[in-house]
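Peer 1: Make a model of this:
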Amino acid sequence: MATKRQNGDPPESVTTPKKTKTQEGEFNGAVFKSMLKDSSKAMKGLDTFIKMAKKLPSPELYDVVEGYIKISVECSEIFALLEEENNSEAELTLIFQSLEMILLRTASDLSQLSMVGSNIVRKTVSSHIKLLLSSLHSDNHRFVRQCLCLLSALVSQGAEAAREIFGLMQFSKGLTNLAQRRDKTGKPDVRMAYIQFVLSFLMSGDNTTIGQILDTKDFLSEILTNGLTDDRISIVNLILSTLQTRVVQNKTITKTQKVRFFSASVLRQIASLYKWNGIVDVSMDEKEKDEEAGRRIVRELVHNFLLDICCSRKHGISFHDPSLGTAGRVNG
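Peer 2: Okay, the predicted model is just below:
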């Protein structure tokens with residue numbers, strides 16, 4: 001009976017992973033590379049690659065990202081698609097997202113293949129940065145979001161990449177206005193992608209770049225002075241925690257730099273979070289209503305931040321005044 005069971009149809013619990021592995025085996029790094037070289041299959045290949053990459057890393061799935069970059073360390077097949085003329089925004093979105101999927105992995109669990117990430121940064125900067133930056137002015141919200149996500153992924157490759165990308169940025173009202181492009185339904189929008197892009201420079205850990213970010217008018221401050229009270233709770237937490245750890249508590253950033261950046265107007269906008277009325281997108285305590293719990297959490301976040309920046313003599317913008325209390329003294 002046991003022999004018949006093995007030769008016959010196995011139970012569903014055994015079939016499922018085997019079927020998954022078979023499907024994955026049909027699309028691997030080599031197949032993807034081959035599809036990219038065929039103009040009739042390239043976009044289908046990119047779409048399949050992205051869908052699989054979003055599920056990775058997973059011990060249950062074939063790693064198509066690792067499989068591809070091990071046999072194409074320059075990702076030349078993807079970049080070859082960028083060389084083609086008259087790519088539509090839909091096609092560019094697929095190309096940019098594929099590169100982003102690779103960069104996110106080389107900056108994390110595939111750090112042993114960081115050379116691939118460096119190659120992507122180098123190739124993008126040398127040949128395609130003009131296309132990428134000009135695409136930020138598109139009216140297509142999804143396309144602009146993807147461009148910003150790719151830029152964030154490029155910065156995530158390390159301090160050198162952060163310095164390189166920052167040096168090429170064209171700071172203008174057209175760029176900072178991206179912080180105001182919001183989806184009123186609460187879906188991930190251009191503003192969110194812009195915030196993550198700006199903060200990626202702080203997360204890079206390169207203190208030279210962080211100092212330059214603070215000195216660049218409107219680039220970082222724009223996310224604080226426009227619509228902060230309407231941001232979802234996860235974004236508010238990301239902004240405040242990143243500023244606190246990478247700027248306020250950063251010993252290499254001088255008090256003078258902090259005073260210049262955290263002006264009265266910027267601090268006023270941060271303080272406005274006491275009246276936060278954004279979207280709750282994290283799990284809350286069941287004992288409280290989401291809106292009430294969300295407001296409480298944001299108030300705690302902003303209160304702790306303001307205590308650090310305004311009251312801490314070690315980290316904040318307050319100075320010791322040696323003349324305090326001596327105004328009435330008379331010199332003998």
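Peer 1: what stretches of the chain score poorly on pLDDT?
Peer 2: Along the chain, the model assigns pLDDT under 70 to residues 1-25, 186, 284-288, 320-332.
Peer 1: who's in contact with the spatially most central residue of it?
Peer 2: Closest to where the C-alpha atoms of the chain average out (CA atoms, centre = their mean) is Gln196, at 4.1 Å. Under the criterion of CB atoms under 8 Å, 6 or more residues apart in numbering, the neighbours of Gln196 are Leu148, Cys149, Ser152, Leu238. C-beta here means a position set from N, CA and C on the backbone, and glycine is covered the same way.
Peer 1: Quick check: next helix or strand after the host helix or strand of it?
Peer 2: Assigned by DSSP states H and E, Gln196 belongs to helix 190-203. Where DSSP H and E defines the elements, the next helix or strand beyond helix 190-203 is helix 207-215.
Peer 1: May I have that next one exported as PDB, CA atoms only?
Peer 2: Provided in PDB are the C-alpha atoms of helix 207-215 (Å, rounded to 0.1, in the frame of the first residue of the first chain):
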ATOM      1  CA  ASN A 207      28.600  62.400   7.900                       C
ATOM      2  CA  THR A 208      29.900  64.600   5.100                       C
ATOM      3  CA  THR A 209      26.800  64.000   3.100                       C
ATOM      4  CA  ILE A 210      24.600  64.500   6.200                       C
ATOM      5  CA  GLY A 211      26.200  67.900   6.800                       C
ATOM      6  CA  GLN A 212      25.600  68.900   3.200                       C
ATOM      7  CA  ILE A 213      22.000  67.800   3.400                       C
ATOM      8  CA  LEU A 214      21.400  70.100   6.400                       C
ATOM      9  CA  ASP A 215      23.000  73.000   4.600                       C
END
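Peer 1: who does it touch, helix- and strand-wise?
Peer 2: helix 159-168, helix 190-203, helix 255-261 (3 or more CB pairs under 8 Å, 6 or more residues apart in numbering; DSSP states H and E).
Peer 1: so which of the ones you listed is the most packed in?
Peer 2: Counting by mean count of other CB atoms under 10 Å, helix 190-203 has the highest mean neighbour count of these, with a mean of 23.
Peer 1: relative orientation of that helix and helix 159-168 in degrees?
Peer 2: Using axes from the mean of the first three to the mean of the last three CA atoms, to 10 degrees, the inter-axis angle of helix 190-203 relative to helix 159-168 is 130 degrees.
Peer 1: Longest helix in this protein, by number of residues?
Peer 2: helix 290-311 (DSSP state H).
Peer 1: Verify the contact between Asp231 and Asn277 for me.
Peer 2: No: using CB atoms under 8 Å, Asp231 is not in contact with Asn277; the gap is 10.1 Å.
Peer 1: Near the residue nearest to Cys311 when sequence neighbours are not counted, how many other residues are there?
Peer 2: Nearest residue to Cys311 in three dimensions, chain neighbours excluded: Ser318, at 6.5 Å (CB to CB, 6 or more residues apart in numbering). Ser318 has 14 neighbours, counted by other CB atoms under 10 Å.
Peer 1: List the contacts of Ser318.
Peer 2: Cys310, Cys311, Ser312.
Peer 1: Now render these as CSV, adding distance to Gln244 and neighbour count.
Peer 2: CSV is the format used below for the contacts of Ser318 (distance: CB to CB, whole Å; neighbours: other CB atoms under 10 Å):
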residue, distance to Gln244, neighbour count
Cys310, 12, 14
Cys311, 13, 11
Ser312, 11, 13
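Peer 1: just to revisit the earlier point, columns distance to Leu178 on top of the helices and strands packed on helix 207-215, output as CSV?
Peer 2: Shown next, in CSV, are the helices and strands packed on helix 207-215 (distance: least, CB to CB, whole Å):
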stretch, distance to Leu178
helix 159-168, 16
helix 190-203, 4
helix 255-261, 20
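Peer 1: Let me see the domain layout of this structure.
Peer 2: Structural domains assigned to the chain are 66-77+88-206, 227-317, following automatic domain parsing.
Peer 1: Please identify the most buried of those.
Peer 2: When the domains of the chain are scored by mean count of other CB under 10 Å, the highest mean neighbour count falls to domain 66-77+88-206 (a mean of 19).
Peer 1: That one: end-to-end distance?
Peer 2: 28 Å (CA to CA, to the nearest Å).
Peer 1: any idea how far that domain is from the chain center?
Peer 2: 8 Å (CA atoms, centre = their mean, to the nearest Å).
Peer 1: Please apply the same query to stretch 249-258.
Peer 2: 24 Å.
Peer 1: Restricting to C-alpha, output it in CSV.
Peer 2: Only the C-alpha atoms of stretch 249-258 are listed here, as CSV (Å, rounded to 0.1, in the frame of the first residue of the first chain):
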residue,chain,number,x,y,z
GLN,A,249,22.4,62.4,18.4
ASN,A,250,25.2,62.5,15.8
LYS,A,251,28.3,63.8,17.6
THR,A,252,30.0,64.9,14.3
ILE,A,253,27.1,67.4,13.5
THR,A,254,27.9,70.6,15.3
LYS,A,255,25.5,72.6,17.5
THR,A,256,25.8,75.4,15.0
GLN,A,257,24.7,73.1,12.1
LYS,A,258,21.8,71.9,14.3
